[in-house]
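> Sequence and computational prediction follow.
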Amino acid sequence: MGYTERVLEQVRKKYAYQPEFLQAVSEVFESLEKVIERNESLYEKEAILERITEPDRQIMFRVPWVDDSGKVRVNTGFRVQFNNSIGPYKGGLRLHPSVNLSVIKFLGFEQVFKNSLTGLPIGGGKGGSDFDPKGKSDREVMAFCQSFMTELCKYIGADTDVPAGDIGTGAREIGYMFGQYKRIRGLYEGVLTGKGLSYGGSLVRTQATGYGLLYLTEELLKCHGSGIDGKIVAVSGAGNVAIYAAEKAMQLGGKVVTLSDSNGWIYDKDGVDLDAVKEIKEVNRARLSEYTKYRPNAEYHEGRGVWSVKCDVALPCATQNELLIDDAKELVKNGVQAVCEGANMPTSIEATKYLQENGVLFVPGKAANAGGVATSALEMSQNSERLSWSFDEVDAKLGGIMTGIYHNIDDAAAEYDMKGNYVAGANIAGFAKVVDAMLAHGAC
Ligand code: NDP
């Protein structure tokens with residue numbers, strides 16, 4: 001048994017109860033095999049794989065808050081500071097009932113490689129809570145966010161750990177958390193990203209993950225002889241990433257025909273009306289089932305089904321494990337050319353392999369959705385300078401970073417005789433820089 005397999009075995013035994021984390025580690029290790037083989041004795045002596053799979057620290061805490069009826073409610077808060085070899089911890093806060101330590105560890109582990117891929121000096125971390133903002137009043141959300149930050153503020157800071165948004169954490173939640181941090185610590189600093197424009201936010205941050213996904217997808221398609229223009233695009237999700245992915249896909253000439261939320265999905269063969277979707281999701285915080293009121297000719301279906309639609313490009317932008325093997329088979333049968341992940345780990349390992357074996361261009365989230373964290377790092381730079389850059393300036397930087405990431409992962413895959421395997425390319429390119437820094441820092 002080689003070094004990689006031995007460490008994978010140890011991690012599997014030790015964390016058998018953390019399936020999402022194990023899925024992420026298995027996927028990364030599998031594609032790093034050739035890189036590790038080249039340096040096996042050094043990496044083994046320095047325990048690189050053991051260290052890279054064990055977070056620097058994991059913070060878990062009680063979050064008590066009072067609901068509108070006066071009752072005390074209790075959630076669990078998490079912050080996993082995974083690896084700060086190349087910069088302060090950076091990664092979002094997820095507020096969703098499905099959050100547990102396994103989910104936060106998988107996201108934190110992926111974040112280490114993603115952040116490295118951006119080329120910017122940011123380490124990896126992730127956090128959140130099993131609190132569900134859905135159906136809560138503004139006052140309840142504020143009470144939760146203030147209580148959450150009352151504990152979290154002891155562990156974060158502009159130069160140590162800079163959280164951001166994720167599922168369930170949008171501009172409203174970031175605002176409440178920033179207010180509480182400022183109040184307790186007495187510091188006005190860039191401790192969170194995704195902030196409002198009036199208090200240190202960056203232009204383009206709202207759009208960044210979705211737009212960045214499309215900048216990368218466009219470059220990928222161009223390098224394979226076409227572009228988004230004229231393509232049918234299937235998008236899942238109806239949150240921040242999905243909405244702005246759809247917007248940029250349309251601006252580039254694509255026709256977006258689907259979106260989904262956790263209850264169901266819409267199919268609009270004439271192309272989705274994004275103004276209607278923004279009103280439903282961003283203004284009214286309502287369900288996608290409302291969409292047919294705006295567009296009577298569109299279809300709304302309960303449950304899953306986005307990937308059954310014929311499309312050229314598929315962009316999963318909702319959550320982990322939402323594109324499974326049967327979905328991959330359906331997409332291939334319908335002639336899909338490219339699948340680029342807007343969400344984190346939306347495609348199962350089995351589905352990923354099937355797509356790759358059937359000649360589909362597949363780019364994993366850690367590369368394709370890195371535009372969000374990259375723009376967060378640009379927000380940190382602006383906060384440090386105490387300056388704000390224009391929309392066009394940030395957008396141009398984002399475009400440059402995303403096309404750079406595509407070529408970086410393409411080159412890394414080719415260097416190890418895996419041309420076109422962007423999963424391997426992303427892991428190899430992200431890993432190399434982090435390991436270099438870890439080796440330089442010695443045993444820590
Ligand atoms: P949002 O909360 O804004 O939107 C998430 C969307 O996915 C919603 O439409 C939600 O439906 C749907 N969804 C969530 N959970 C499930 C589920 N279990 N089953 C089906 N649908 C679900 O989150 P974001 O758009 O910010 O994040 C989406 C993905 O992108 C996540 O994987 C996130 O980690 C990743 N990501 C986000 C970044 C960002 O900048 N925001 C950066 C990089 C990655 P509903 O409305 O019903 O809740």
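Received the coordinates, thanks.
> Please name the residues that touch residue 321.
Neighbour list for residue 321: 345-348 [criterion: CB atoms under 8 Å, 6 or more residues apart in numbering]. To be clear about C-beta, it is placed using only N, CA and C from the backbone, and glycine gets the same treatment.
> mind redoing it with 10 Å?
19-20, 23, 343, 345-349, 351 (CB atoms under 10 Å, 6 or more residues apart in numbering).
> so how far is residue 361 from whichever residue of the stretch 201-350 of the chain sits closest to the ligand?
Using CB to the nearest ligand atom, the closest approach of the stretch 201-350 of the chain to the ligand is made by residue 239 at 1.7 Å. Distance, residue 239 to residue 361, using CB to CB, to the nearest Å: 24 Å.
> need the residues of this structure near the ligand, please.
Contact residues, the chain versus the ligand (CB under 6 Å from any ligand atom): 165-168, 209, 237-242, 261-263, 317-319, 342-344, 369, 372.
> go again using 5 Å as the cut-off
With CB under 5 Å from any ligand atom as the criterion, the chain meets the ligand at residues 166-167, 209, 237-241, 261-262, 318-319, 343-344, 369, 372.
> Residue 239 and residue 361: which has the busier surroundings?
Using other CB atoms under 10 Å, the more surrounded residue of residue 239 and residue 361 is residue 239, with 23 against 19.
> The more buried one against residue 280, yeah?
No: here residue 239 does not reach residue 280: they are 11.7 Å apart, not a contact under CB atoms under 10 Å.
> Which neighbours do the two have in common?
With CB under 10 Å, 6+ apart, residue 239 and residue 280 have common neighbours 259, 261.
> Can you show me the strands along the stretch 201-350 of the chain?
Taking DSSP state E, counting those that start in this stretch, the strands of the stretch 201-350 of the chain run over residues 232-235, 255-260, 264-267, 299-302, 313-315, 338-340.
> Residue 273: neighbouring residues, count only.
Neighbours around residue 273, by other CB under 10 Å: 16.
> ok, now which ones touch the closest residue in space to it that isn't next to it in sequence?
The shortest distance from residue 273 to any residue other than its chain neighbours is 5.6 Å, reached at residue 295 (CB to CB, 6 or more residues apart in numbering). Shown in contact with residue 295 (CB under 10 Å, 6+ apart): 266, 268, 270-273, 276-277.
> Minimum distance to the ligand, which residue of the stretch 51-200 of the chain gives it?
Across the stretch 51-200 of the chain, no residue is closer to the ligand than residue 167, which sits at 3.9 Å (CB to the nearest ligand atom).
> What distance do you get for that residue to residue 226?
32 Å.
> between the two, which one's more packed in?
Neighbours per residue (other CB under 10 Å) separate residue 167 from residue 226, with residue 167 holding more: 24 against 15.
> Who are the contact partners of the more buried one?
92-96, 98-99, 107, 128, 133, 237, 239-241, 318-320, 343-344.
> Touching, residue 174 and residue 164? I think so.
Yes: using CB under 10 Å, residue 174 is in contact with residue 164, at 7.6 Å.
> Now do the shared contacts for these two.
Residues touching both residue 174 and residue 164 (CB under 10 Å, 6+ apart): 92-93, 192-195, 205.
> still on that earlier bit, just the buried ones from the contacts of residue 167?
92-96, 99, 107, 128, 133, 237, 239-241, 318-320, 343-344 (16 or more other CB atoms under 10 Å).
> picking up where we left off before, let me know the closest of the contacts of residue 295 to residue 149.
When the contacts of residue 295 are ranked by distance to residue 149 (CB to CB), residue 277 comes first, at 30.6 Å.
> and that closest one, how many neighbours?
Residues contacting residue 277 under the criterion other CB under 10 Å number 24.
> Also residue 415?
When neighbours are defined as other CB under 10 Å, residue 415 has 14 of them.
> OK, contacts around it?
So residue 415 contacts 34-35, 425, 428-429 (CB under 10 Å, 6+ apart).
> just to revisit the earlier point, now, the buried ones among the contacts of residue 167 that are in helices?
107, 240-241 (DSSP state H).
> can you pull the alpha-carbon coordinates of stretch 15-27 into CSV?
Extracted in CSV, the C-alpha atoms of stretch 15-27 (Å, rounded to 0.1, in the frame of the first residue of the first chain):
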residue,chain,number,x,y,z
TYR,A,15,-13.6,10.0,10.5
ALA,A,16,-15.9,7.2,9.4
TYR,A,17,-18.8,9.2,10.7
GLN,A,18,-18.0,12.2,8.4
PRO,A,19,-19.2,11.1,4.9
GLU,A,20,-19.0,14.4,3.1
PHE,A,21,-15.5,15.1,4.4
LEU,A,22,-14.3,11.6,3.3
GLN,A,23,-15.9,12.1,-0.1
ALA,A,24,-13.9,15.3,-0.5
VAL,A,25,-10.6,13.8,0.7
SER,A,26,-11.0,10.7,-1.5
GLU,A,27,-11.6,12.8,-4.6
